[in-house]
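>>> Sequence first, then the predicted structure:
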Amino acid sequence: MEDPEPRHIALLSSPGMGHLIPLVSFARHLARHHRFAITLIAHPTDHSDSAGNRSLADSLPDGVNVVSLPNLPPDAFLDTKSEARVFLTVKANIPPLRSLLRSLKSTVSLAALIVDPFCLDAFDVAAELGILVYLFYTSSCMSLSLVFHLPKLDASFQGEYRDLPEPVRLPGCVPVQGKDLIEPIQDRGSDAYKLFLNAMKRFPEAKGILVNSLEDLEPGAVKGLEEGEGIPPVYPVGPLVWTVPDEEHECLRWLDRRPPGSVLYVSFGSGGTLTLTQTRELALGLEISGQRFLWAAKSPHESEANAAYLSAKKNEKNHLDFLPEGFLERTKDLGLVVPSWVPQVQVLGHASTGGFLTHCGWNSTLESIVKGVPLIAWPLYAEQKMNAIQLTEDVKVALRPKVTESGLVEKEEIARVVRCLMEGEEGRRLRKRAEELSDAAGRALGPGGSSIRAMADVGREWMDARK
């Protein structure tokens, strides 16, 4: 006999579009393909006025209810680095979260609470209220493997990780130099490091970990996690990407007039920013390459690569005065520069798009893989250097430009790697590999696919949960 009401799942997202988007995608997947009602609990962000965020909200189906936690004062944690600010914002909203979950549990059959990795303080609330708690890990299985290795690394090495004499070898993964580990742990004396380490030590408390990845993309890392001691069950349920109805945007009409596979799409995500010098070097490199390009450009920032993560707003005046003088006029027949935002999934899926210069955020990585587009890996912050290593050395779907000792990617190197991807033999090989991965992604989420089976396994646990 069928249950009189669907089981209810609560999802909790931290601030920032990089975490909200995959949780929204997961909510849509659960509501449409499994018999669960969803309450998505979100922290407010400064992205609320962006076209992208409006589209995201409009994409949610019936059966998904969105609840926002209270806004904090504008000056809360103002002088704190972005990563630490996210943890502190979540902690400050624990009391209203407790009230919300208590009210929800009293009115629906609440099977589980699923939180993203910045929201582990919610574990205590779930335990207090007797709710099963799971993690939804929004990055790769490779970086998840680092989570379970970091406490051991912290105890065994006293200096900064960039000074490690040997690369870190995670089970089933390519070796990673200490300087390429996730950015928030690179300063062990910082508040961000302490917050990350304490959070990572709590991962084993989860009943299970759902990962937005797929077995065919990371077979070695998945196997390493399955065989590791003290690791909860891991369920690769991806690639879950943001898919919305077709949108109208000038860049799509521009792409319609370009030959198939001829355009390089350039974007550093919702939060990524370059310095003024690097932005101008990128512009000149694109010009020198002679290749067609579509560039979603943001205003430069001189000190933080993730300056836009919690504060990106639409460039209402469409200012592009940070570009080299005469650049727009000289490249008017070659490229299109759009301030800030474009409908990325549609751009990547367009027949004219032949490559993607990306910061290697995991959402962008999965969107590119789903659409079969090869990459130029240009990591900026968070776990993006690890993703870049994985994409170039393991998955072999990306090129990576060389960086000078001063940290600059020079225009000649940009032009070289762009030409290599768009018209060289290596670019053709990477494009073939990208198409293979796109097929694998389709199979994972198709009937009987690996990600569908993983989701069915954890779904049975939720159906068996008692109110």
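Yep, that arrived. As the structure is a prediction and not an experimental result, all values here were calculated from the model. Numbers count the residues shown, from 1 in each chain.
>>> mind listing what's buried in stretch 458-467?
Going by neighbour count (16 or more other CB atoms under 10 Å), the buried part of stretch 458-467 is 458, 459, 461, 462. C-beta here means a position set from N, CA and C on the backbone, and glycine is covered the same way.
>>> As TSV, these with pLDDT, secondary structure and distance to residue 408 would be great.
What follows is these, written out as TSV (pLDDT from 0 to 100; DSSP: H, G, I helix; E, B strand; the rest coil; distance: CB to CB, whole Å):
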residue	pLDDT	secondary structure	distance to residue 408
458	95	helix	45
459	92	helix	49
461	91	helix	50
462	91	helix	49
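>>> Tell me the one among those nearest to residue 125.
The shortest gap between residue 125 and any of these belongs to residue 462, at 18.3 Å (CB to CB).
>>> Run through the residues that contact the closest one.
If you count contacts by CB atoms under 8 Å, 6 or more residues apart in numbering, residue 462 has them with 7, 9, 36, 111, 112, 132.
>>> Show me the two of these that sit farthest apart.
Farthest pair in the contacts of residue 462, by CB to CB: 36 and 132, 13.2 Å.
>>> joint contacts of the two?
Common neighbours of residue 36 and residue 132 (criterion: CB under 8 Å, 6+ apart): 111, 462.
>>> Now do residue 87, the pLDDT please.
pLDDT recorded at residue 87 is 88.
>>> Could I get the full set of helices for the stretch 251-400 of the chain?
Applying DSSP state H, counting those that start in this stretch to the stretch 251-400 of the chain gives helices spanning 276-289, 327-330, 344-349, 362-371, 384-389.
>>> Give the other helices and strands that the longest one contacts.
Using 3 or more CB pairs under 8 Å, 6 or more residues apart in numbering; DSSP states H and E as the contact definition, the elements that helix 276-289 packs against are strand 263-267, strand 292-297, helix 327-330, helix 411-423.
>>> and that helix, how far from the chain's centre?
Centroid displacement of helix 276-289 relative to its chain, using CA atoms, centre = their mean, to the nearest Å, is 25 Å.
>>> what sits against the closest residue to residue 465 other than its chain neighbours?
Nearest non-adjacent residue to residue 465, counting by CB to CB, 6 or more residues apart in numbering: residue 111, 4.2 Å away. Taking CB under 8 Å, 6+ apart, we find residue 111 in contact with 7, 8, 9, 36, 132, 462, 463, 465.
>>> Mind doing that once more with 10 Å?
Counting by CB atoms under 10 Å, 6 or more residues apart in numbering, residue 111 touches 6-10, 36-37, 131-132, 459, 461-467.
>>> Double-check that it belongs to a helix.
No: counting by DSSP: H, G, I helix; E, B strand; the rest coil, residue 111 is not found in a helix; it is strand.
>>> Relative to residue 435, how far out is it?
Separation of residue 111 from residue 435 (CB to CB, to the nearest Å): 38 Å.
>>> Apart from its neighbours in sequence, what residue is nearest residue 345?
residue 367 (5.5 Å).
>>> typed the wrong thing, it's residue 334
residue 292 (5.9 Å).
>>> remind me which residues of this protein are low pLDDT?
The model of the chain has pLDDT under 70 over residues 1-5, 45-59, 74-80, 244-246, 303-318, 466-467.
>>> switch to 50 and redo it
1, 47-53, 312-317, 467 (pLDDT under 50).
>>> Which positions in the helix ranked longest in it come out as buried?
Determined from DSSP state H, the single longest helix within the chain is helix 425-444. Within helix 425-444, the residues scored as buried using 16+ other CB under 10 Å are 427, 430, 431, 433, 434, 437, 438, 440, 441, 443, 444.
>>> what angle do that helix and helix 411-423 make?
Orientation check (axes from the mean of the first three to the mean of the last three CA atoms, to 10 degrees): helix 425-444 against helix 411-423 gives 60 degrees.
>>> all strands of the stretch 201-350 of the chain, in order?
Secondary structure of the stretch 201-350 of the chain by DSSP state E, counting those that start in this stretch: the strands cover 209-211, 234-236, 263-267, 292-297, 335-339.
>>> In TSV: these, plus mean neighbour count.
Formatted as TSV, those follow (neighbours: other CB atoms under 10 Å):
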stretch	mean neighbour count
strand 209-211	24
strand 234-236	25
strand 263-267	24
strand 292-297	22
strand 335-339	20
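>>> Put together a markdown table for these, with distance to residue 322 on each row.
Shown next, in a markdown table, are these (distance: least, CB to CB, whole Å):
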| stretch | distance to residue 322 |
| --- | --- |
| strand 209-211 | 37 |
| strand 234-236 | 40 |
| strand 263-267 | 15 |
| strand 292-297 | 8 |
| strand 335-339 | 10 |
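>>> From what I see, residue 397 and residue 434 are in contact.
Yes: between residue 397 and residue 434 there is a contact under CB atoms under 10 Å: 5.2 Å.
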